[in-house]
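**Q** Give me a model of this one.
(one chain, ligands or ions: 1)
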Amino acid sequence: MFYDTLSNAHGMAHDPFKAIVAPRPIGWIGSRGRDGSRNLSPYSFFNAVSDRPKIVMFSSSGRKDSLRNVEETGVFTANFVSGPLIGAMNASSVAVPYGTDEFAIAGLTPVDGRLVDAPYVAESVAVLECRVTTITTLKDMGGADTDSHAVFGQVVGIHIDESVIREGRFDLALAQPIMRLGYMDYAGIGPIFELGRPKPPTAV
Ligand SMILES: Cc1cc2nc3c(=O)[nH]c(=O)nc-3n(C[C@H](O)[C@H](O)[C@H](O)COP(=O)(O)O)c2cc1C
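**A** Numbers count the residues shown, from 1 in each chain. This is a model prediction of the structure:
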């Protein structure tokens, strides 16, 4: 089948786009407002976009509280969602008035970042402390502003729980990441395998 996304006439009950661009890691974004309030919310429009320097990005569909906070304070944390935390992650996505502390709603322990004034999840096995580098309202192909807003942040500090370090590596089999698929679906990781990079052909 084929459909153009202007008509979006895919003929299915739900738009398949997010199921195609999957799995996506979940950036569980911890932030604080200028008023001192804490916020914690999951974003699956999230990824690492550079490692030199280390930069991650999340995108807010509409002007949500996390966006407001990072605009106000310029910092956030991105917390790793592992299997045992999936219930708490989901609970923290509830739509609540600005200033409501989702750490409390989800029964999680907030800890102040070491290098940034934003809270992180003590129970998370890995946490990125980030300073905002760019916030941009995404444009469509006609150049018009959309209501999606991408936040880029440079990772200035990384917490890793010793329990998920094995043989000198951050061990994903131990860390058990939960990834977002399409619809209301999630997945863990399957078997992990190594694949070396191809070598350029040797000149004859
Ligand atoms: C797994 C998951 C992923 C989500 N990803 C996004 C996302 O990428 N962008 C977005 O705007 N909302 C996303 N949401 C919805 C937000 O988490 C939800 O709107 C939340 O209430 C926003 O909180 P805030 O206003 O405190 O930032 C996601 C929800 C879940 C459960």
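**Q** Do you know the pLDDT at the most centrally placed residue in the chain?
**A** Per C-alpha atoms, centre = their mean, the C-alpha nearest to the average position across the chain is that of G27, at 1.7 Å. Here the pLDDT value assigned to G27 is 98.
**Q** A173 versus E167, what's the distance?
**A** 12 Å (C-beta to C-beta, to the nearest Å). Quick note: C-beta positions are derived from backbone N, CA and C, even for glycine.
**Q** circling back: in contact with the residue nearest to the centre of the chain: list those residues for me.
**A** Listed by C-beta atoms under 8 Å, 6 or more residues apart in numbering, the contact set of G27 reads P42, Y43, S44, F46, N47, V56, F58, A78, N79.
**Q** I'd like to know how far the second one sits from D161.
**A** What it means is Y43. Distance from Y43 to D161, counting by C-beta to C-beta: 22 Å.
**Q** which one of these two has more residues nearby?
**A** Using other C-beta atoms under 10 Å as the criterion, Y43 and D161 rank with Y43 on top: 24 against 17.
**Q** And for that one, nearest residue in space, chain neighbours not counted?
**A** Spatial nearest neighbour of Y43, excluding adjacent residues (C-beta to C-beta, 6 or more residues apart in numbering): F58 at 4.0 Å.
**Q** quick one: the one you found and F46 touch, right?
**A** Yes - between F58 and F46 there is a contact at 4.4 Å, judged by C-beta atoms under 8 Å.
**Q** Give me the common contacts of these two.
**A** In contact with both F58 and F46: G27, I29, A78, using C-beta under 8 Å, 6+ apart.
**Q** Go ahead and list the helix or strand containing the last one.
**A** When secondary structure is defined by DSSP states H and E, A78 falls within strand 75-79.
**Q** host element of the closest residue to S41 other than its chain neighbours?
**A** Using C-beta to C-beta, 6+ apart and skipping the chain neighbours, the partner closest in space to S41 is S66 (5.2 Å). Using DSSP H and E, S66 sits in helix 65-73.
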